[in-house]
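> Generate coordinates for the sequence data below:
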Amino acid sequence: MALSAQPLPTATQPFATRSLAPGGAALTLDLKEYFNVPGVTGQVAQVETVVGTFNVELFDDTPLTKANFLAYINAGRYTNTIIHRSVAGFVIQTGGYFSRLPLEHIATFPAVQNEFRRSNLRGTLAMAKLGGDPNSATSEWFVNLSDNSANLDGQNGGFTVFGRVLGSGMQVVDTIAALPRYNIPGASDVPLRDVASNQTAVEVRNLITVSTVSAIPVYSTGTGRSVLTFLAQSSDPSVATVSISGSTLTVTPLATGTSALLIRARDTNNNVADSTLIVTVGGTLSIGAPPQSQQVQTGGPVALSVTTLGGGLITYQWSKNGVPIIGANTFAYIIPSATATDMGFYTVSVSGGGTTLTPPPAIVTVNISGTSRLVNVSTRGSVTANDALTPGFVMRGTGTKRLVLRAVGPTLTSFQVPGALADPRMDVIPLSQSNVILANDDWQNAPAADVTALVATSAAVGAFALPAGGSKDSATLAALQVTNSGGYTIRITPAGTATAGVALAEIYDADGPNSPVRLINVSTLGRVTADGLTPGFVIGGSAPKQLLIRAVGPTLRAFNVADVLEDPQLTIYPLGLDIVIARNNDWQDEGQGATLLAAFKAAGAFDLTSGSRDAAVLVRLPPGAYTAVTSGVGGTTGQALVEVYDLDP
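Next up, the predicted model:
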């Protein structure tokens, strides 16, 4: 317990920016929630001497000694006593004699039983006692000036350590210890002050008087002494004034504007901890800093917060995945120890001055043990004779990958999708090739055993059922051989007499989580209409996944794609929730260009043209289903490529 380790005042959390109404209700804050003296949990006593004042914490694990010490304090028996012993590099001792001459010992209570439990280290308080009698301590106590454990811990049953000096109080103790020492009638090694060279007798004024020893609280109550007292100052009192009562801060709003309030906690020895509270009075409500996404280890804390400007008196409501969290009604939401169930999308609705704002959500992911993978991708888009809907996928690993591949058209009418393609055809083509290796027009045009296997596997992967009895939807159960890596394109075109319509392309991973082959990239090339191009994907497993998602339009010209979408916008939603978790218009916006270029390289994706209006986001998501909506800014249309890359190894 070296002096450097003694606790000093500390700001425990920052103040959130507060918005108040001009002339409205005052804001009150309990400063105990923002400052403390770290590690101090026991009763504190204050020792006031003519040299200076220091505070001590009394330990709860020596209850008899603590009660004995407090009994002397409460009886006033330490009032106007002296430091009667000082041994250089060893101890200073008090609690024995009145501050008068000749020396007279104070009245004592019965001796207290020895409670030796802690070492006599520098800065600790211990009880003095008679030699050869471990249970003889009464009123006298001392402060260890050095590490005296080798001497005192094993002597006379061990000297009971019952407290420690707080903050920089040891500077006062060391000042007393540095005073000259004299032998006077009734005591030896007595520290004295202001002794003249020609002085022949000790006077009371020379004694190091302990005027009081008081039990005090850590925080000010507004009356009496305390370890911490508080001060506050407003940078602009015309906007807001501040006052302190005990440990309560009151901010009174006056006129429109912003004021920075300096809040200071000060201990007995003038050590300080400062913090700043920004107060905005009046004005339109706005968000100063939205909640930030966080990735934490299992069991780690999550601290979400929002700051606001303007709006008067503010109210808050936090939600997870669109569901309000009961009791989460302050500017901050804390999860002390995060688990897998805490992963999700956290939003806060902020209301004030008749306005309600909901800043973008914070995505919370937890690094739990386990795996995750892309298990499903689907895209709904427009199909014409000239514009096929072309999803693609890339796999990594070696072995056979089983996939359910579907091109759904007429069955979309049962989901109230207008303009469904009456008869889609599906062709499967290896990347960089033109030969069709699998094809299907009507899903039941296959051997009965294959249809049975397709139906069973589709149900197992969670795909909705296609109607039997002549449905024109297309589907097949594919078993593709992969060596190291492999990629395929699915081309969906009108068949029969159909000429155009909306189709849904789906790719389902039909293997388990331990399959040696997994999807690492899924993409869709299609026409973005006024309704947008809407790929969806599913992350299966238990762990979060880092993804690169892109909506490429202008850069497709380099690949001889005609009629490209000039300005795509990419918006990511959790399936079934009206929560935008990521959005981008131009990929180099907000200074993310360098980070995204590195992600392109890591994913093996082609670079986007510098200055282009292609869109891209880098996002870490919990397991679940998502939609990546690609639209044209200003309602524009054209061909776009939407890509989802798995960046985890």
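
> use CA for all of it now, contacts and neighbours both
OK.

> Run through the helices of the stretch 51-200 of the chain in chain order.
Using DSSP state H, counting those that start in this stretch, the helices of the stretch 51-200 of the chain run over 63-74, 149-152, 170-177.

> and residue 554, which of those helices is closest to it?
Evaluated over these, closeness to residue 554 peaks at helix 170-177, with 70.7 Å, by C-alpha to C-alpha.

> what's the average pLDDT for the closest one?
Mean per-residue pLDDT for helix 170-177: 96.

> do the same with stretch 90-107
The average pLDDT for stretch 90-107 rounds to 96.

> Then stretch 344-361?
In this model, stretch 344-361 has an average pLDDT of 92.

> And that stretch, what's buried?
When neighbours are counted by 16 or more other C-alpha atoms under 10 Å, the buried residues of stretch 344-361 are found to be 344-353, 358-361.

> How about residues contacting it?
With C-alpha atoms under 8 Å, 6 or more residues apart in numbering as the contact definition, stretch 344-361 has outside contacts at 284-287, 290-293, 306, 311-322, 362-365, 579-581, 622.

> about what we covered before: could I get the helices of the stretch 51-200 of the chain in JSON lines, plus columns for distance to residue 134 and mean neighbour count?
Shown next, in JSON lines, are these (distance: least, C-alpha to C-alpha, whole Å; neighbours: other C-alpha atoms under 10 Å):
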{"stretch": "helix 63-74", "distance to residue 134": "13", "mean neighbour count": "17"}
{"stretch": "helix 149-152", "distance to residue 134": "12", "mean neighbour count": "14"}
{"stretch": "helix 170-177", "distance to residue 134": "26", "mean neighbour count": "18"}
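
> Could you save the ones you listed as a markdown table and add columns showing distance to residue 536?
A markdown table is the format used below for these (distance: least, C-alpha to C-alpha, whole Å):
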| stretch | distance to residue 536 |
| --- | --- |
| helix 63-74 | 65 |
| helix 149-152 | 68 |
| helix 170-177 | 66 |
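
> and of those, who's closest to residue 52?
helix 170-177 (5.7 Å).

> ranges for the helices of the stretch 451-600 of the chain?
Assigned by DSSP H, counting those that start in this stretch, the helices in the stretch 451-600 of the chain fall at 593-603.

> can you give me the strands for it?
All strands of the stretch 451-600 of the chain, identified by DSSP state E, counting those that start in this stretch, fall at 474-482, 485-494, 500-509, 518-528, 534-541, 545-552, 568-574, 582-584.

> Dump these to CSV, plus distance to residue 181 and mean neighbour count.
Written out in CSV, the entries for these read as follows (distance: least, C-alpha to C-alpha, whole Å; neighbours: other C-alpha under 10 Å):
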stretch, distance to residue 181, mean neighbour count
strand 474-482, 90, 20
strand 485-494, 86, 23
strand 500-509, 87, 24
strand 518-528, 81, 25
strand 534-541, 75, 22
strand 545-552, 71, 24
strand 568-574, 77, 25
strand 582-584, 73, 19
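
> Now tabulate the ones you listed in a markdown table and tack on distance to residue 426 and mean pLDDT.
Conversion of these to a markdown table gives the following (distance: least, C-alpha to C-alpha, whole Å; pLDDT from 0 to 100):
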| stretch | distance to residue 426 | mean pLDDT |
| --- | --- | --- |
| strand 474-482 | 6 | 92 |
| strand 485-494 | 5 | 91 |
| strand 500-509 | 9 | 92 |
| strand 518-528 | 14 | 89 |
| strand 534-541 | 17 | 90 |
| strand 545-552 | 23 | 94 |
| strand 568-574 | 26 | 95 |
| strand 582-584 | 31 | 93 |
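
> Any idea which of the ones you listed gets closest to residue 69?
With respect to residue 69, and counting by C-alpha to C-alpha, the nearest of these is strand 545-552 at 59.5 Å.

> Would you list the buried entries among the contacts of stretch 344-361?
Among these, those classed as buried by neighbour count (16+ other C-alpha under 10 Å) are 285-286, 290-291, 293, 306, 311-314, 316-322, 362-365, 579, 581, 622.

> Among these, which lie within strands?
Those of the buried ones among the contacts of stretch 344-361 mapping onto strands are 286, 316, 317, 318, 319, 320, 362, 363, 364, 365, per DSSP state E.

> do you know how far the third one is from residue 20?
Remark: distance between residue 317 and residue 20 (C-alpha to C-alpha, to the nearest Å) = 18 Å.

> Longest strand of this protein, counting residues only.
For the chain, assigning by DSSP E, the longest strand comes out as strand 372-384.
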